[in-house]
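Asks: Return atomic coordinates for the entry below.
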Amino acid sequence: MTVEYPDGTTHEWGSKELVELPSGSVVRSVSGGGALRRPAAAAADLVADEVRNELLSAEQARIRYGVVVDAATRTLDAEATAQLRNTRKGGQ
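Replies: This next block holds a predicted model:
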């Protein structure tokens, strides 16, 4: 992780390092993760939670995970998700 202090200086934050963050500091973290299962096996309600929490768009939920979430209401459409996932089974 990188810490950018209000004066413009930066510090690369170690994994087991404690860093004092004065007001106005910015922390940037880039991480990657790997799934242990296929994205289509992800629990639909957990994917919908990520859409509700604005970690994932409704469009990406559909494309990556086969989960249909109404973009306006951010609610899971379980029936449409089941249909989409069934349709995709033949192509995966």
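Asks: now the nearest residue to Ala48 once chain neighbours are set aside: how far from Ala82?
Replies: With CB to CB, 6 or more residues apart in numbering as the criterion, Ala48 has its nearest non-adjacent residue at 3.8 Å, and that residue is Leu76. From N, CA and C alone the C-beta is placed, and that goes for glycine too. According to CB to CB, to the nearest Å, Leu76 stands 11 Å off from Ala82.
Asks: Overlap of the contact sets of the two?
Replies: The contact sets of Leu76 and Ala82 do not overlap (CB atoms under 8 Å, 6 or more residues apart in numbering).
Asks: more crowded one of the two?
Replies: Leu76 (21 against 13; other CB atoms under 10 Å).
Asks: if we can go back for a sec, look up which residues are beta-bridged to the residue nearest to Ala48.
Replies: Here Leu76 sits in beta bridges with Val69, going by DSSP bridges.
Asks: which residues sit in contact with it?
Replies: So Leu76 contacts Ala44, Asp45, Ala48, Val67, Val68, Val69 (CB under 8 Å, 6+ apart).
Asks: wait, the third one sits on Arg74?
Replies: Spelled out, it's Ala48. Yes: counting by CB atoms under 8 Å, Arg74 is a contact partner of Ala48 at 7.3 Å.
Asks: Which one of these two is surrounded by more residues?
Replies: Ala48 (24 against 15).
Asks: contacting residues around that one?
Replies: Ala61, Val67, Val69, Arg74, Thr75, Leu76.
Asks: Kindly report the same for Val51.
Replies: Here Val51 is in contact with Ser57, Ala58, Ala61, Val69, Arg74 (CB under 8 Å, 6+ apart).
Asks: any idea how far the nearest residue to the second one once chain neighbours are set aside lies from Asn86?
Replies: With sequence-adjacent residues excluded and distances taken as CB to CB, 6+ apart, Ala58 is closest to Ala71, at 3.9 Å. For Ala71, the distance to Asn86 under the criterion CB to CB works out to 22 Å.
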